[in-house]
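> can't give you the sequence, but here's the structure:
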């Protein structure tokens, strides 16, 4: 009855995963629902739960190793069971996370359909974007037995792009939870069952089909299924394991924070991202063991390196960094980039911004002004607002500007739709909103799709000039530097002025040098005469 566990596909873009940590070792007894390992994808580090019970007989991918999706991850079976046949053919064995290898296949003959009881609704994993194939339940906001009203938020579901609240379209009692927190499942998998309290839902979850009815296999006898009870997570369990979201663990690791010192605000004491971000360590925090020295939880211990000796540290590439490298390499080697740089006088923009921000409840940044100026320039020079394909160039006459935002795990690009139709104050409030939600992984996938042009700003870090790689399928991206006070010549006199350098990276397949230069001239006119952006 041995079962092969393969490397799961935890996001629609995932092609390989890295085992960050094994939480079980060979010989350990595994219960259904136990966390086997933490697996790192291109988007996050996630706990991987076992769907089987038995003994862990074999580990196929050691901690720190990376392997393609569907590679042999582990084998679970009976103690002492011979698995030599599985090991010899394990690499080519189809996915079998939930199917014992010697189980009799389900017959394909017509089978008896069992109608879903009246008032019972099966909720499946929703498709939250056009590219989504799997989803991860980040948090359940309801538990089995809770009353659910139409419009209540059931759970937070994480895709590779964002974490979204999932709303119930049905009323009743939550009878069953099919996908636990931290667990991933394909679209249309049974997420939950809602219906009248006390309804017998035996066999519904196990045999639900996409068509909307359940089928009882001829070869199986289905035992009554008790409603799934929610996992009672606390800050730590009896075995000392700390319960925290994968993102909270990663942030804590990066900051050198001891999770055992953090009080969780999530359901049943689970530690979430905000707990780590708001954590304030005590002046002196000692370790749990008296044999360990007193250390600060916020300062990672660095290895001792004797003076005069060579020392190097090798950090394995995370899956996310590999994906970033792949996509940027595709852009830089596919699109022939060229760069155009201008210096813009920002004195009038600084005066205008100061005046605008005197209006109550209004806050406009220089980046907002750049976005507005880009939107106006793109309307005048639509060839920059284009997209290359082998058979034709698509020129967009709508302006959707992507704004690069640095987040914990890398970089995301929320999109301001129809930016040319937005006022400066609307751009300011929208950018603040999407940037905040991007950092909290609360953006909807649709909010990161459909850009026609991108703006990347490193001026707040003191960078005066840089170049960016085009965010395909866009034809151009603008790199914005810091405003610098320096001597400038005006009307034959040297005076103190404030200037800012911007660099336009263009895809030469769609944008010629003269076209890019004309775009930058219009951009400069807008920024040096901000009143034109208020017309």
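On my side now, so go ahead. Because the structure is a prediction, the values reported are computed rather than measured. Numbers count the residues shown, from 1 in each chain.

> what's the next secondary structure element after the helix or strand bottoming out on mean pLDDT in the chain?
The helix or strand of the chain with the poorest confidence is strand 214-215; it has a mean of 46 (mean pLDDT, DSSP states H and E). Going down the chain from strand 214-215, the next helix or strand is helix 246-255, by DSSP states H and E.

> I'd like to know the beta-bridge partner residues of residue 493.
According to DSSP bridges, the partner residues bridging residue 493 are residue 490.

> Distance check, the nearest residue to residue 117 once chain neighbours are set aside against residue 264.
Closest residue in space to residue 117, ignoring its immediate chain neighbours: residue 199 at 5.5 Å, by CB to CB, 6 or more residues apart in numbering. From N, CA and C alone the C-beta is placed, and that goes for glycine too. As judged by CB to CB, to the nearest Å, residue 199 and residue 264 stand 33 Å apart.

> more crowded one of those two?
The neighbour comparison of residue 199 against residue 264 (other CB atoms under 10 Å) goes to residue 264, with 22 against 19.

> so the more buried one touches residue 274, yeah?
No - using CB atoms under 8 Å as the test, residue 264 is too far from residue 274 to be in contact (10.0 Å).

> in the stretch 151-300 of the chain, which spans are helices?
If DSSP state H, counting those that start in this stretch is used as the criterion, the helices of the stretch 151-300 of the chain fall at 204-207, 246-255, 273-277.

> burial measure for residue 194, as a count.
If you count neighbours by other CB under 10 Å, residue 194 ends up with 25.

> I meant to write residue 85 there.
Residue 85: 10 neighbours (other CB under 10 Å).

> Work out for me the element it sits within.
Using DSSP H and E, residue 85 falls within helix 84-89.

> Now that helix: buried residues?
Across helix 84-89, burial judged by 16 or more other CB atoms under 10 Å covers residue 86.

> From the chain's centroid, how far away is it?
36 Å (CA atoms, centre = their mean, to the nearest Å).

> circling back: would you agree the residue nearest to residue 117 is in contact with residue 175?
Yes - with contacts counted by CB under 8 Å, residue 199 reaches residue 175, the gap being 6.3 Å.

> Mutual contacts of these two, please.
residue 120 (CB atoms under 8 Å, 6 or more residues apart in numbering).

> Compute the distance between residue 278 and residue 372, please.
The gap separating residue 278 from residue 372 is 34 Å, by CB to CB.

> hmm, back to that, out of the helices of the stretch 151-300 of the chain, name the one with the poorest average pLDDT.
Mean pLDDT is lowest for helix 246-255 among the helices of the stretch 151-300 of the chain, at a mean of 73.

> Which residues does that helix contact?
Contacts of helix 246-255 (CB under 8 Å, 6+ apart): 38, 44-47, 182, 244, 257-259, 262, 271-273, 275-277, 298, 408-409, 441.

> Just want to know which of residue 278 and residue 372 has more residues nearby.
Applying other CB under 10 Å to residue 278 and residue 372 shows that residue 372 carries more neighbours, namely 26 against 9.

> Would you mark the buried spots in the helix or strand that one falls within?
Under the criterion of DSSP H and E, residue 372 resides in helix 366-380. If you call a residue buried by 16+ other CB under 10 Å, then helix 366-380 has these buried ones: 366-379.

> Tell me how far it lies from the chain's centre.
Relative to its parent chain, helix 366-380 has a centroid offset of 28 Å by CA atoms, centre = their mean.

> Helix or strand next in line after it, which one?
Next in sequence after helix 366-380, counting helices and strands by DSSP H and E, comes strand 386-388.

> partners of that next one in the sheet?
Sheet pairing of strand 386-388 (DSSP bridges) gives strand 393-395 (antiparallel).

> Which strands and helices lie in contact with the very next helix or strand once past the strand it pairs with?
Sequence-wise, the next helix or strand downstream of strand 393-395 (DSSP H and E) is strand 401-403. Identification of packing neighbours for strand 401-403 by 3 or more CB pairs under 8 Å, 6 or more residues apart in numbering; DSSP states H and E yields helix 366-380, strand 415-416, helix 424-439, strand 453-457.

> 7 Å - rerun?
helix 366-380, strand 415-416, strand 453-457 (3 or more CB pairs under 7 Å, 6 or more residues apart in numbering; DSSP states H and E).

> Now render these as CSV, adding distance to residue 483 and mean pLDDT.
Formatted as CSV, these follow (distance: least, CB to CB, whole Å; pLDDT from 0 to 100):
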stretch, distance to residue 483, mean pLDDT
helix 366-380, 7, 96
strand 415-416, 22, 94
strand 453-457, 11, 96
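
> among these, which is nearest residue 186?
Ranking the helices and strands packed on strand 401-403 by proximity to residue 186 (CB to CB) places strand 415-416 first, at 27.2 Å.

> Name the residues that touch the closest one?
Residues outside strand 415-416 that contact it (CB atoms under 7 Å, 6 or more residues apart in numbering): 371, 400-403, 422, 427, 430, 447-451.

> Please name the strands paired to it in the sheet, noting orientation.
According to DSSP bridges, strand 415-416 forms sheet pairs with strand 401-403 (antiparallel).

> I'd like the next helix or strand past the strand it pairs with.
Counting by DSSP H and E, the next helix or strand C-terminal to strand 401-403 is strand 405-407.

> Run through who's touching that next one.
Residues contacting strand 405-407 (CB under 7 Å, 6+ apart): 412, 414, 435, 438, 439.

> List the buried residues in the helix or strand following it.
Later in the chain than strand 405-407, the nearest helix or strand by DSSP H and E is strand 410-412. Neighbour counts using 16+ other CB under 10 Å place residue 412 of strand 410-412 among the buried residues.

> Mean confidence (pLDDT) on strand 410-412, please.
The pLDDT scores in strand 410-412 average 78.

> Pairing partners for that strand, with directions?
strand 405-407 (antiparallel).

> Quick one: neighbours of residue 27, just the number.
Residues near residue 27, counting by other CB under 10 Å, number 9.

> sorry, back to before: contacts only, for the residue nearest to residue 117.
Residues near residue 199 by CB under 7 Å, 6+ apart: 117, 120, 175.

> Phi, psi for the first one please.
The one in question is residue 117. Dihedral angles of residue 117 (phi, psi; degrees, to the nearest 10) stand at phi -60, psi 150.

> What does the pLDDT read for it?
pLDDT recorded at residue 117 is 85.

> for the second one, same thing?
With respect to pLDDT, residue 120 scores 88.

> One more: the one 5 residues further on?
In this model, residue 125 is scored at 87, pLDDT.

> Residue 335 versus that one, what's the distance?
36 Å.

> And residue 26, by the same measure?
49 Å.

> ok, now residue 281?
For residue 281, the distance to residue 335 (CB to CB) stands at 47 Å.

> And these two? Which one has more around it.
Set residue 281 next to residue 335 and count neighbours by other CB under 10 Å: residue 335 wins out with 22 against 16.

> beta partners of the residue nearest to the more buried one when sequence neighbours are not counted?
In space, residue 335 comes closest to residue 507 once its chain neighbours are excluded; the distance is 4.2 Å by CB to CB, 6+ apart. Residue 507 has the following beta-bridge partners by DSSP bridges: residue 337.
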